[in-house]
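Chemist: Everything below, folded, please.
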Amino acid sequence: MARRKRKPRPRPLPPPPENSSRMYIQIAPSDIAIFRFLMEAVENLALFTIADRFKGILLLRYSPHQEREFREFMNGLKQEIDIKFLPNPSDPA
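Modeler: The predicted structure is shown next:
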């Protein structure tokens with residue numbers, strides 16, 4: 001008699017974070033469109049707002065639960081776009 005394989009039990013999800021994590025980056029203003037295209041290719045990883053379109057400063061918001069995936073994506077993106085990571089003005093110095 002063949003045994004059925006059980007479906008794995010779903011793992012409990014961590015509680016939702018109180019706040020999103022933030023990161024400021026600077027890229028060439030001409031690279032903002034390609035950055036948007038590449039960010040949209042990785043669904044639900046981060047949202048970004050253009051803080052200064054003339055200087056190419058972007059504010060990225062992402063879930064603290066996806067910190068590792070977000071950092072891996074940003075490190076891989078360095079090969080395509082010149083990215084400068086800026087200090088977060090809301091972090092205590």
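
Chemist: where in the protein is pLDDT low?
Modeler: Low-confidence segments of the chain (pLDDT under 70): 1-2, 92-93.

Chemist: Contact partners for the nearest residue to residue 51 once chain neighbours are set aside?
Modeler: Leaving aside its sequence neighbours, residue 51 sits nearest to residue 57 (C-beta to C-beta, 6 or more residues apart in numbering; 4.5 Å). C-beta coordinates here come from the backbone N, C-alpha and C atoms, glycine included. Residue 57 makes contact with 24-26, 50-51, 86, according to C-beta atoms under 8 Å, 6 or more residues apart in numbering.

Chemist: Likewise for residue 15?
Modeler: Per C-beta under 8 Å, 6+ apart, neighbours of residue 15: none.

Chemist: and residue 46, how many neighbours does it have?
Modeler: Other residues near residue 46 come to 20 when the count uses other C-beta atoms under 10 Å.

Chemist: Give the closest residue to it in space, chain neighbours not counted.
Modeler: Computed as C-beta to C-beta, 6+ apart, the closest residue to residue 46 that is not its neighbour in sequence is residue 62, at 4.0 Å.

Chemist: What's opposite the one you found in the beta bridge?
Modeler: residue 21 (DSSP bridges).

Chemist: Quick check: phi and psi on the residue nearest to residue 51?
Modeler: phi -90, psi 130 (degrees, to the nearest 10).
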